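Q: Predicted model and sequence below, questions to follow.
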Amino acid sequence: MKQRWLAVLLVLILLLSSCARPEVAMTEVQFVLGTVVSLDIRDHASETLMKSLTSHLTLIENLMSPTIKTSDVYRLNHAGGQALLVSNYTYAVLGKALEYARVTRELFDPTLGTLINIWGIGTDGAKIPSQHEIDSAIVMRGIDNVEMLGKYQVRLTGNAQLDLGAIAKGYAADELVRLAKRAGVQSAIFNLGGNVIVLGSKGTNPFRIAIQNPFSERDDYLGILDARDTSIVTSGDYERYFIGPDGTKYHHILDPRTGFPADNELASITIVCPNSTLADALSTAVYVMGLEAGLGYVNSLEGVEAIFVTKTRDVYLTRGIGDSFTLTDDTFRLMQ
Ligand code: AMP
Ligand code: MG
């Protein structure tokens with residue numbers, strides 16, 4: 001009898017310890033939010049946690065994609081000015097998007113949907129729109145057209161169309177960290193197609209994050225950033241673009257003032273800050289600002305750092321990056 005109880009106890013102990021074994025590490029790769037997402041959890045991982053992370057990413061895509069017909073964004077864009085009930089996740093992202101649009105003077109603008117559609121960059125139908133089409137699309141933008149009415153009700157007015165493509169991956173990254181922390185994870189790295197977030201560190205060392213070389217078609221990097229508990233988000237003209245008949249590169253980061261792809265000295269910009277939703281919105285806005293205005297702007301923000309890479313291969317850092325960045329490719333120049 002005593003032996004039987006002992007056996008039951010042993011099985012119980014084994015079962016419990018397999019649920020949340022501190023040392024369990026797991027990785028998973030998923031195609032979601034239009035990109036390859038890799039989840040790398042270094043402790044306290046379980047099948048249940050991995051499943052909850054991947055299904056949460058799918059949920060975010062299903063709510064925020066502008067092309068999925070049942071998504072909140074699609075429904076709002078086709079509601080003809082009616083107020084709609086959206087999910088609490090969409091409501092939260094929209095609230096943040098409006099806040100970040102205000103602080104960047106709408107250079108990050110979540111209401112650029114029409115302009116983004118007529119360019120179609122990254123789709124088979126990419127083309128240079130007529131000036132008339134661009135002018136009409138610019139008239140439709142503006143965050144005053146987004147009314148957040150409380151109780152998860154949202155109304156779009158004045159023909160504005162939402163596109164959350166510049167912020168949704170950052171939000172998704174923050175959500176991954178929130179869920180992982182809740183499950184007891186202390187060390188993890190999530191990469192959403194170049195939007196990286198790290199939870200904790202790699203033992204006693206920081207994570208070493210490769211910063212993409214914007215001139216390379218392959219996954220080459222130009223430098224390494226040491227990172228703990230932060231997010232590293234890059235925007236650049238190399239991610240999605242087409243070459244026009246005149247040889248000009250038309251890329252996917254649009255300047256809301258001109259209606260054209262932002263045309264300045266930058267090839268890429270990397271934002272480093274703990275809040276990935278903010279980092280994502282800023283990566284897009286600061287790319288539009290350009291080098292001088294962008295450097296001044298990021299240096300004025302508390303807890304936000306940046307790495308600017310120009311088309312002439314000069315690399316500029318904000319003041320707080322310090323020794324955490326190492327340039328590894330000597331075809332680039334570190335500017336002081
Ligand atoms: P990111 O890679 O974060 O810079 O986001 C780029 C994506 O955001 C584009 O593919 C568009 O869907 C959208 N987008 C482009 N320009 C802007 C802008 N100025 N403000 C907000 N979203 C934009
Ligand atoms: Mg962005």
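A: Structure's in. What do you need? Ligands and ions are numbered 1, 2, ... in the order given.
Q: Next up, identify which helix or strand residue 105 is on.
A: Residue 105 is part of no helix or strand when elements are defined by DSSP states H and E.
Q: who does the host helix or strand of residue 30 touch, helix- and strand-wise?
A: Using DSSP H and E, residue 30 falls within strand 26-32. Applying 3 or more C-beta pairs under 8 Å, 6 or more residues apart in numbering; DSSP states H and E, we find strand 26-32 packed against strand 35-41, helix 47-64. Placement of C-beta: from N, CA and C, glycine included.
Q: And the contacts of the last one?
A: Translated: helix 47-64. 26, 28, 30, 32-33, 37, 39, 41, 68, 70-73, 86-87, 89-90, 93, 164, 168, 171-172, 175-176, 179-180, 183, 185 (C-beta atoms under 8 Å, 6 or more residues apart in numbering).
Q: how about it against ligand 1, any contact?
A: No - Helix 47-64 does not reach ligand 1 (C-beta under 6 Å from any ligand atom); its nearest approach is 11.1 Å.
Q: in that helix, what's buried?
A: Buried residues in helix 47-64, counted by 16 or more other C-beta atoms under 10 Å: 49, 50, 53, 54, 56, 57, 60, 61, 63, 64.
Q: And stretch 183-194, by the same measure?
A: Neighbour count says stretch 183-194 has 185, 187, 188, 189, 190, 191, 192, 193, 194 buried, by 16+ other C-beta under 10 Å.
Q: Wait, a helix at the fifth one?
A: No - secondary structure of residue 190 (DSSP: H, G, I helix; E, B strand; the rest coil): strand, not part of a helix.
Q: so how far is stretch 50-64 off the chain centroid?
A: In terms of C-alpha atoms, centre = their mean, to the nearest Å, the centre of stretch 50-64 is found 15 Å from the chain centre.
Q: and it, what's its mean pLDDT?
A: The pLDDT scores in stretch 50-64 average 98.
Q: Next: stretch 261-278.
A: 97.
Q: Stretch 289-307 now?
A: Rounded mean pLDDT across stretch 289-307 is 97.
Q: mind listing the helices for the stretch 151-300 of the chain?
A: With helices called from DSSP state H, counting those that start in this stretch, the stretch 151-300 of the chain shows them at 168-182, 276-289, 291-299.
Q: And for the stretch 1-150 of the chain?
A: Using DSSP H, counting those that start in this stretch, helices in the stretch 1-150 of the chain cover 2-19, 47-64, 72-77, 88-103, 113-119, 131-140.
Q: how about the residues of the chain near ligand 1?
A: With the criterion set to C-beta under 6 Å from any ligand atom, the chain comes near ligand 1 through 107-110, 112, 116, 163, 165-166, 235, 239, 252-254, 256, 280, 283-284, 288.
Q: among these, which are in strands?
A: residue 235 (DSSP state E).
Q: Now the phi/psi pair for the residue of the stretch 151-300 of the chain found nearest ligand 1, please.
A: Scanning the stretch 151-300 of the chain for the residue nearest ligand 1 gives residue 165, at 2.8 Å (criterion: C-beta to the nearest ligand atom). Phi and psi for residue 165, reported as degrees, to the nearest 10, are phi -60, psi -20.
Q: burial count for the closest residue to residue 225 other than its chain neighbours?
A: Setting aside the residues directly before and after it, residue 225 is nearest to residue 209 in space (C-beta to C-beta, 6 or more residues apart in numbering), at 4.7 Å. Residues near residue 209, counting by other C-beta atoms under 10 Å, number 22.
Q: if I pick residue 209, what's in contact with it?
A: Neighbours of residue 209 in contact, by C-beta under 8 Å, 6+ apart: 196, 198, 224, 225, 226, 227, 232.
Q: how near is it to residue 230?
A: 9 Å (C-beta to C-beta, to the nearest Å).
Q: circling back to that earlier point, using JSON lines, lay out the contacts of residue 209 together with neighbour count.
A: Shown next, in JSON lines, are those (neighbours: other C-beta atoms under 10 Å):
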{"residue": "196", "neighbour count": "26"}
{"residue": "198", "neighbour count": "25"}
{"residue": "224", "neighbour count": "16"}
{"residue": "225", "neighbour count": "22"}
{"residue": "226", "neighbour count": "18"}
{"residue": "227", "neighbour count": "21"}
{"residue": "232", "neighbour count": "26"}
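Q: Among the residues you listed, which lie within strands?
A: 196, 198, 224, 225, 226, 227, 232.
Q: Surely residue 75 and residue 82 touch.
A: No - applying C-beta atoms under 8 Å as the test, residue 75 and residue 82 come out as separate, 9.6 Å apart.
Q: Would you mind listing what in the stretch 101-250 of the chain touches ligand 2?
A: Residues of the stretch 101-250 of the chain lying near ligand 2 by C-beta under 5 Å from the ion: residue 166.
Q: ok, now with 8 Å
A: Applying C-beta under 8 Å from the ion, one finds that the stretch 101-250 of the chain approaches ligand 2 through 108, 165, 166, 167, 169, 170, 195, 233, 235.
Q: Now compare these and name the two farthest from each other.
A: Farthest pair in those (C-beta to C-beta) is 108 and 195. Separation: 14.6 Å.
Q: Redo the helices of the stretch 151-300 of the chain as a markdown table? Include distance to residue 265.
A: A markdown table is the format used below for these (distance: least, C-beta to C-beta, whole Å):
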| stretch | distance to residue 265 |
| --- | --- |
| helix 168-182 | 24 |
| helix 276-289 | 11 |
| helix 291-299 | 5 |
